[in-house]
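1. Next one to model:
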Amino acid sequence: MKITTLIDNVVYDKYLTGEHGFSVFIEDGKEKILFDTGQTGNFIYNAMVLGIDISEVNSVVIMEKGIAWAKENVITMEEDTMSIIKESSLSKRLNKH
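-> The predicted model follows:
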């Protein structure tokens with residue numbers, strides 16, 4: 001499994017952009033998962049710089065606050081390939097561990 005950060009608020013490479021938000025590209029064999037999209041479309045630019053073809057994504061996970069923006073600007077996938085996570089339920093799960 002390979003996980004590549006596409007957007008974060010801290011950037012360690014002068015060729016990448018950063019923003020308050022989060023996006024990672026997860027590869028595991030044939031599975032290519034986009035986990036969240038940040039606040040803008042900058043994750044797409046960073047993916048291109050990193051040599052990642054976003055069109056190969058076959059599953060998308062979006063945090064609840066970002067779903068409207070992502071649906072309008074980025075995602076053209078079928079609803080059954082998209083997961084929406086409520087931030088409050090994720091926080092509860094993470095705090096249990």
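2. quick one, helices of the protein?
-> 42-49, 67-73, 87-96 (DSSP state H).
3. rank the ones you listed by pLDDT, which is bottom?
-> Note on the helices of the chain: helix 87-96 shows the lowest mean pLDDT, a mean of 46.
4. My understanding was that residue 2 contacts residue 26; is that so?
-> Yes. Using C-beta atoms under 8 Å, residue 2 is in contact with residue 26, at 7.4 Å. For glycine as for every other residue, the C-beta is placed from the backbone atoms N, C-alpha and C.
5. neighbour count winner among the two?
-> residue 26 (16 against 7; other C-beta atoms under 10 Å).
6. Just the pLDDT for the nearest residue to that one once chain neighbours are set aside.
-> In this structure, residue 26 finds its nearest non-sequential neighbour in residue 33, 4.2 Å apart by C-beta to C-beta, 6 or more residues apart in numbering. Looking at residue 33, its pLDDT stands at 89.
7. Contacts only, for residue 33.
-> The contact partners of residue 33, taken as C-beta atoms under 8 Å, 6 or more residues apart in numbering, are 25-27, 57-61.
8. Strands of this protein, start to end?
-> Under the criterion DSSP state E, the chain contains strands at 2-7, 23-28, 31-35, 59-63, 82-85.
9. For residue 51, which of the ones you listed is the nearest?
-> strand 2-7 (9.6 Å; C-beta to C-beta).
10. quick one: contacts of that closest one?
-> Under the contact criterion C-beta under 8 Å, 6+ apart, strand 2-7 has outside partners 17-19, 21-28, 37-38, 42-43, 46-47, 50, 52.
11. Can you flag the buried ones in those residues?
-> Buried by 16 or more other C-beta atoms under 10 Å: 18-19, 21-26, 37-38, 42-43, 46-47, 52, out of the contacts of strand 2-7.
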